[in-house]
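Peer 1: Here is the input, now give the coordinates:
(chains A, B, C, D, E and F)
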6 protein chains.
Amino acid sequence: MDNSNNILLKNVTLLSQLSEEERKNAILGATMPSIESLEKIVELVKRIIFPGFFDSKLTNDDTRYYYIGVNMEELFSLLKTQLKSEEKTISFIERIPELKRILYTDINAMFHSDPAVTALSEIIFCYPFVQAMLHYRVAHELLLLGVPIIPRIITEMAHSKTGIDIHPGAQIGEYFCIDHGTGVVIGETCIIGNHVMLYQGVTLGAKSFTFDDNGTPLNTPRHPIIEDNVTIYSNSSVLGRITIGHDTIIGGNVWLTNNVPPFSKILQSKAVATTFTDGAGI
Amino acid sequence: MDNSNNILLKNVTLLSQLSEEERKNAILGATMPSIESLEKIVELVKRIIFPGFFDSKLTNDDTRYYYIGVNMEELFSLLKTQLKSEEKTISFIERIPELKRILYTDINAMFHSDPAVTALSEIIFCYPFVQAMLHYRVAHELLLLGVPIIPRIITEMAHSKTGIDIHPGAQIGEYFCIDHGTGVVIGETCIIGNHVMLYQGVTLGAKSFTFDDNGTPLNTPRHPIIEDNVTIYSNSSVLGRITIGHDTIIGGNVWLTNNVPPFSKILQSKAVATTFTDGAGI
Amino acid sequence: MDNSNNILLKNVTLLSQLSEEERKNAILGATMPSIESLEKIVELVKRIIFPGFFDSKLTNDDTRYYYIGVNMEELFSLLKTQLKSEEKTISFIERIPELKRILYTDINAMFHSDPAVTALSEIIFCYPFVQAMLHYRVAHELLLLGVPIIPRIITEMAHSKTGIDIHPGAQIGEYFCIDHGTGVVIGETCIIGNHVMLYQGVTLGAKSFTFDDNGTPLNTPRHPIIEDNVTIYSNSSVLGRITIGHDTIIGGNVWLTNNVPPFSKILQSKAVATTFTDGAGI
Amino acid sequence: MDNSNNILLKNVTLLSQLSEEERKNAILGATMPSIESLEKIVELVKRIIFPGFFDSKLTNDDTRYYYIGVNMEELFSLLKTQLKSEEKTISFIERIPELKRILYTDINAMFHSDPAVTALSEIIFCYPFVQAMLHYRVAHELLLLGVPIIPRIITEMAHSKTGIDIHPGAQIGEYFCIDHGTGVVIGETCIIGNHVMLYQGVTLGAKSFTFDDNGTPLNTPRHPIIEDNVTIYSNSSVLGRITIGHDTIIGGNVWLTNNVPPFSKILQSKAVATTFTDGAGI
Amino acid sequence: MDNSNNILLKNVTLLSQLSEEERKNAILGATMPSIESLEKIVELVKRIIFPGFFDSKLTNDDTRYYYIGVNMEELFSLLKTQLKSEEKTISFIERIPELKRILYTDINAMFHSDPAVTALSEIIFCYPFVQAMLHYRVAHELLLLGVPIIPRIITEMAHSKTGIDIHPGAQIGEYFCIDHGTGVVIGETCIIGNHVMLYQGVTLGAKSFTFDDNGTPLNTPRHPIIEDNVTIYSNSSVLGRITIGHDTIIGGNVWLTNNVPPFSKILQSKAVATTFTDGAGI
Amino acid sequence: MDNSNNILLKNVTLLSQLSEEERKNAILGATMPSIESLEKIVELVKRIIFPGFFDSKLTNDDTRYYYIGVNMEELFSLLKTQLKSEEKTISFIERIPELKRILYTDINAMFHSDPAVTALSEIIFCYPFVQAMLHYRVAHELLLLGVPIIPRIITEMAHSKTGIDIHPGAQIGEYFCIDHGTGVVIGETCIIGNHVMLYQGVTLGAKSFTFDDNGTPLNTPRHPIIEDNVTIYSNSSVLGRITIGHDTIIGGNVWLTNNVPPFSKILQSKAVATTFTDGAGI
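Peer 2: Model prediction:
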């Protein structure tokens, strides 16, 4: 016990002394938002936009009003604390009906793309893509209001639950749809049109960065522009500030770093097929 | 505060009025299953099938009987409430010993495929693939009993935790095995034989849909048939109602939309290698 | 109710009788570590290494000492119970300052690779990669101390949350960095140098196994060696005991099973582009 | 372990076999109300009657409406389940405004009787007597609606928290007040007028019972009638179907089993005082 | 902040240094039983003795066995940890059927004494006296097994909830009954016969103590002996090693420090009654 | 449902409209302290004063410092929020060592008065009197600092748990001791010397009030003064601004409203004893 006590005490002392680098971060860290509050905030927006789905109680026409009122009141209070600005909080709340309208375009797009689904309510209730889009669209609104860090935390919450990683800075049109979704990455400076469909594992990423004189990477447009009516199949990587023209299909597992004109089809070059003559290996 | 109150009140009123589209969904939403109960249900099946692993207490031969009895009783009660059918509940419970038998074939398949593992119990205790298969096999049984929506919710639970997305409608044989698993997608009409092994990121998906006259996609067979003894390496996309013949190996990162005869090997066409002569870019 | 009772009772009896195979596993299962404790253990290490970030309270220079002391004391107590060895617990605690130093190299590497980030604290607070590396580096230390199973459980916790699956046995250098991360797999016998960067969906895996006479796969070196200053883009699969030479870039969606010399660039062979002349299919 | 197992198994078997007496009770027991729901029900009534006091949020004139609406909706739902009658639930809810009016008379009575109090809100917020009266008045309404058992459970909840034991059958007028309260007992057939004040430890109880031929005690009027403007000091026992006339004061520690005319003062006969001449005893 | 920091730091240091007196107590304190476990232990005994009353589920003849089995197993495990003795744990468990038999005598006594009650199950479900007797009878058994401190903690739990304070050392016969109960105190060396009934506020206490040469009070018989068929009304104090003869009634608010022969009735001397001629005072 | 909806809606509207009386109270109510925080505050003081007793971990000489530091830090933060004053918070914290000293005098007094106790630690760990005194002494300090309402809430917490109701304004000396305690009431203007012992059910209360012209009772000295070395037995009521002289014993069940000189013994006048000649009644 003596030895263990010595090492414990020594390391407690050692680890309590911050370096200059840590000291700076520790101060920032201490003022970080409350993840618990942010989760509650997104949950409240979800309950306001989809009344009756996630509340524990059936709400009829009379009582729905009470529930949305209470949820709105708590949203207002929690969000104001996190944003430290009543003005931004009000601006966000003003946008909720529009958020609802856009999310319904996404849900309708999925309804018309998935033969397995039987009702809109099934999509709302159990598709991870709805979670991801709700988080992204809330986060994007907050980013437009100039809120720092919080938008990124909100999309990371969806990333952890759904495997879909959308940077809140990305610009995404209506009737957007991601099927299955695990592994999808959409970068900060992406611009995506309407009626775009992505499958799992698709990356819309950066190919390379520009650095300043100190070696710090510069935040310049570096992710793709995807025009209207584009479908990208599973696991393809579309990188760099390129443009994928409208009405295009990109097959799966493609590595794509150049512009594509409208009405294109892009497929991986054909796989090599042999039969077994040499044992079990590949 | 006045202004904020006005906007809150206005939006509460606005968002309390449902459109026709929402009204229809809201009714369905209100009768949605309890996710909390479904999580408990799968947990109880897990404790019944793997006694002593996830209960907080060591159960010896005498007392195991009590624990399985209580778990079975609670499973019966919770499931009956969710299925709204005692008959289907009983039918499901009758199938549990068979579910256990099949899950053990999956676990044994993994045991013989992973050099890193030292005991069956290690697989049961910490491999995400066991979680995913437990959820899928429970959900598939419920689907066969004609239960709506709930099977899909159950597989989405596993999807969120493991990144493995198996549609409950897929038909999967014995000694099935998924290593690592993140990003795996197995579509609704897949038929998979015995002794099949998938690696992370593999998609067994649809290539295209057939639509009815209203533009609604038709739920027809549209996913691959994988015969016995097939291995598919990481990130490959196998799409459409094609057949992958038995005793075949498909390498990683392949885009495959055509039939493959038995005893095949399919590899991506060879990558292009250069050395650096032109700076850091790719 | 009679029938349901009969089937319940029958299956309770049936499922209470263990096969020989299960009996062996049940014993192991009953002595499995507490997942709840292991989650608390990693959380405590995180709070000790990044004081002020995840504690609910701002800790100033005087009071930080109290918090780290309490966290260290609880870490000691929980870890000793799980490891069943005070000696190994002490050895682990001795390593925490070194763990902190290395994690800061990883965080700095990310800071210099992501134009979207504005401060180290943002990375610490919300990047899933930090979670994954914290879990891996803790697990790797425990593996070096000869602790069974627990290291694997710890990395699976990170796998579930981040989609990043790093085997605790892998050897990973300093200034390591994974962006986005979902779908990354790093195998047990990988050896990774310094300043290596991986993107989402990258597999550093095994190509094939060697079996002993009983058909049990042998645990031999079977995963890649990645030298210093290598970047691998999204979704590529690098398999087998091959060496990727230093200062190399591997593009995305590549299937790579052979050695690569230093200063290489490896890209997928060019995709096939057409325009639409034949309807919507691919 | 063998011996312990034997005794455990033997007693499990023994205790699982119910006697006839138990069997009858077990059936009743199984349909007992949910104590958790009843606690929530009283809490909801409290929040409806005293808005802004026990909700976590300040409710202004606009938003109070939402909170009371949600609380009323949940009260309706929980109470209907416990009462197994929508009609009785509605009847109870109709009475809430009257309950509120009467409770405010009690609170005002206390305000004018306790020099230590500075505001009505202090009484509402922290006097155990308010808890006790809220529980009693709710329970009494339910009793009047013919609800079995539940009223008694509700007053026992207050008994446990405050030490005040009021039978739900007692009839208690307005401007009623109990100070401190621990040990107060008010029996089932008590009739209490307006402006009555009790101190801690006062019993309004039965002196004796009438039995039927089987020795079962008969539920006849057996507790006191207390007329208007009566004060009873601490620890007095007032027993039997006697009448305490209006405008009477009863001192503390009195044993009283006979009628008392109006405008009386009743005191314990004077205590015997000596000084010490014989050591420490009494 | 500087000043506040100084005082915090100073007091942390000061309060961390234990006096000799504290040091001795701290050691004992650290090995104190777990109150949380003891609460669970009594709860388990309650569920075993009254199956179907406090479990959330109706248990029929088949499944009751499972529930009692699991509860017994958990009782065994928790109790063994707290008692630090398997032998004493087994001895206690052996006594449970006898505990059940005696508790039913108490419940039956109440049933025949309270005109307000309609069924045994109502007493079991909501009378605080049952809680108090369960705790006391469990604690008394543990005391007989030589277990230190724990019995006292268990009766204090009931004291806090019911206001009934029974020392675990008291000896109490069958068909014992306490109505309402708040304020009842039964001292360590009391001996109580069968068919005894106490009302709220009754004290069976010590009148004076004998001290040793160091001034430490000696633990000698110092509380009353109550023979069979005695009833004591509310708030009476019966003190010292006196005997209350069988078939006696003691009225309320009596101070009694001498022996009472069988078949006695003891009443407070008559109260003094006046009418008001001199204002509001008493 | 229609009717039920109508009544719900009507009552929601009705109950949302506050009377003037309520409006005033609602505003006060909304700024009421957090009961949850106050409970945590008293708990932290308890852990600081009795280290090692109520923390889940044994703290040795080295690590006790960490725990007290963290507890002090959290106390400071919570208390500052509740008191809305850093200055008062610091003043309270400065007093903790003195609070500890006085509480130990109370505990020692109990140790020398109760033959059933075997160690100081048993008193600290399980005597309700310690809880009551801790709450009172904390509340009294806060009252001296001019904190409104909170002191009263704190003593009511102890009242609910222990049945002991001490007004925070009472002045209580050292070596004070309450045995059993249920039903004890100590009024706001009491002054109690050293070495005073009370038994359960003792009231030190007011006899009558003085009113101002509006009928509001005036807060004047109205409770007893108890000098040093006084013992008062169970259930006695001592009322009014009288003085009980030092070295006095007051027996149980006494009604006392006049001064008592030092060295007195006061007993209830002797009870009336008869034997049964007239049936079961009293």
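Peer 1: In stretch A:135-148, which residues are buried?
Peer 2: Using 16 or more other CB atoms under 10 Å in any protein chain shown as the test for burial, stretch A:135-148 gives A:H135, A:Y136, A:R137, A:V138, A:A139, A:H140, A:E141, A:L142, A:L143, A:L145, A:V147. For glycine as for every other residue, the C-beta is placed from the backbone atoms N, C-alpha and C.
Peer 1: er, stretch A:80-87 I mean
Peer 2: Across stretch A:80-87, burial judged by 16+ other CB under 10 Å covers A:K80, A:Q82, A:L83.
Peer 1: is stretch A:248-265 up against chain C anywhere?
Peer 2: Yes: for stretch A:248-265, a contact with chain C is found by CB under 8 Å from any CB of the partner chain, at A:I249, A:G251, A:N253, A:V254, A:W255, A:L256, A:V260, A:P261, A:F263, A:S264, A:K265.
Peer 1: out of the buried residues of stretch A:80-87, who's nearest E:H167?
Peer 2: E:H167 lies nearest to A:Q82 out of the buried residues of stretch A:80-87, by CB to CB, at 54.0 Å.
Peer 1: Would you confirm that that closest one contacts A:E39?
Peer 2: No: applying CB atoms under 8 Å, one finds A:Q82 not in contact with A:E39, separated by 11.1 Å.
Peer 1: I'd like the buried residues of stretch A:80-87 written out as CSV, with secondary structure and distance to chain B added.
Peer 2: Shown next, in CSV, are the buried residues of stretch A:80-87 (DSSP: H, G, I helix; E, B strand; the rest coil; distance: CB to the nearest CB, whole Å):
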residue, secondary structure, distance to chain B
A:K80, helix, 9
A:Q82, helix, 16
A:L83, helix, 13
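Peer 1: Go through those residues and name the one nearest D:M72.
Peer 2: Minimum distance to D:M72 across the buried residues of stretch A:80-87 is 26.9 Å, recorded for A:K80 (CB to CB).
Peer 1: Tell me how far A:G252 lies from A:Y233.
Peer 2: For A:G252, the distance to A:Y233 (CB to CB, to the nearest Å) stands at 4 Å.
Peer 1: same deal with A:A109?
Peer 2: Distance from A:A109 to A:Y233, by CB to CB: 16 Å.
Peer 1: Compare these two (neighbour count), which wins?
Peer 2: A:Y233 (29 against 21; other CB atoms under 10 Å in any protein chain shown).
Peer 1: give me every residue that touches that one.
Peer 2: A:Y199, A:V202, A:I249, A:I250, A:G251, A:G252, A:N253, B:S237, B:L239, B:W255, C:I282 (CB atoms under 8 Å, 6 or more residues apart in numbering or on different chains).
Peer 1: On the strand side of things, show who the spatially most central residue of chain A bridges to.
Peer 2: Note on chain A: the residue nearest the mean C-alpha position is A:I166, at 3.1 Å, using CA atoms, centre = their mean. Beta-bridge pairing of A:I166 under DSSP bridges involves A:I186.
Peer 1: That one and A:E156 touch, don't they?
Peer 2: No: counting by CB under 8 Å, A:I166 stays clear of A:E156, with 10.1 Å between them.
Peer 1: just to revisit the earlier point, now render the buried residues of stretch A:80-87 as CSV, adding distance to chain D.
Peer 2: Written out in CSV, the entries for the buried residues of stretch A:80-87 read as follows (distance: CB to the nearest CB, whole Å):
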residue, distance to chain D
A:K80, 12
A:Q82, 16
A:L83, 18
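Peer 1: Of those residues, just say which sits nearest to C:V70.
Peer 2: Looking across these and measuring by CB to CB, the closest to C:V70 is A:Q82, at 27.7 Å.
Peer 1: how near is that closest one to chain E?
Peer 2: According to CB to the nearest CB, to the nearest Å, A:Q82 and chain E sit 25 Å apart.
Peer 1: show me the contacts for that residue.
Peer 2: Neighbour list for A:Q82: A:P33, A:S34, A:S37, A:L38, A:I41, A:I150 [criterion: CB under 8 Å, 6+ apart].
Peer 1: returning to what we had before: among the buried residues of stretch A:135-148, which lie within strands?
Peer 2: Among those, none falls in strands (DSSP state E).
Peer 1: biggest separation within these, which pair?
Peer 2: A:H135 and A:L145 (16.0 Å).
Peer 1: With pLDDT as extra columns, can I get the buried residues of stretch A:80-87 in a markdown table?
Peer 2: Shown next, in a markdown table, are these (pLDDT from 0 to 100):
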| residue | pLDDT |
| --- | --- |
| A:K80 | 96 |
| A:Q82 | 95 |
| A:L83 | 96 |
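Peer 1: Put together a markdown table for the residues you listed, with distance to C:C190 on each row.
Peer 2: Below are these laid out as a markdown table (distance: CB to CB, whole Å):
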| residue | distance to C:C190 |
| --- | --- |
| A:K80 | 48 |
| A:Q82 | 40 |
| A:L83 | 43 |
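Peer 1: Just want the angle from the helix or strand encompassing A:S160 to helix B:150-162.
Peer 2: Element membership for A:S160 (DSSP states H and E) is helix A:150-162. Here helix A:150-162 runs at an angle of 120 degrees relative to helix B:150-162 (axes from the mean of the first three to the mean of the last three CA atoms, to 10 degrees).
Peer 1: which helices and strands sit right next to helix A:150-162?
Peer 2: Other elements packing on helix A:150-162 under the criterion 3 or more CB pairs under 8 Å, 6 or more residues apart in numbering or on different chains; DSSP states H and E are helix A:35-49, helix A:128-144, strand A:165-166, helix C:120-126, helix C:128-144.
Peer 1: what's the closest of the ones you listed to C:S269?
Peer 2: Nearest to C:S269 among the helices and strands packed on helix A:150-162 is strand A:165-166; the distance by CB to CB comes to 27.6 Å.
Peer 1: what's the distance between that closest one and the middle of its chain?
Peer 2: Computed by CA atoms, centre = their mean, to the nearest Å, the chain-centroid distance of strand A:165-166 equals 3 Å.
Peer 1: Show me which residues of the stretch 101-250 of chain A are close to chain C?
Peer 2: A:148-149, A:152-153, A:156, A:159-160, A:163, A:165, A:167, A:169, A:182-183, A:185, A:188, A:201, A:203, A:205-206, A:209, A:215-220, A:222, A:233, A:235-237, A:239, A:247, A:249.
Peer 1: Just list the residues touching A:H135, thanks.
Peer 2: A:H135 neighbours (CB under 8 Å, 6+ apart): A:V42, A:I154, A:T155, A:M157, A:A158, A:I166.
Peer 1: got a markdown table for the residues you listed, with pLDDT too?
Peer 2: As requested, those are exported to a markdown table (pLDDT from 0 to 100):
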| residue | pLDDT |
| --- | --- |
| A:V42 | 98 |
| A:I154 | 97 |
| A:T155 | 97 |
| A:M157 | 97 |
| A:A158 | 97 |
| A:I166 | 98 |
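Peer 1: rewinding a little: and the contacts of A:Q82, which are buried?
Peer 2: In those, burial by neighbour count holds for A:P33, A:L38, A:I41, A:I150, counting by 16+ other CB under 10 Å.
Peer 1: okay but the second one is in contact with A:T155, surely?
Peer 2: No: contact criterion CB under 8 Å: A:L38 and A:T155 do not qualify, at 10.8 Å.
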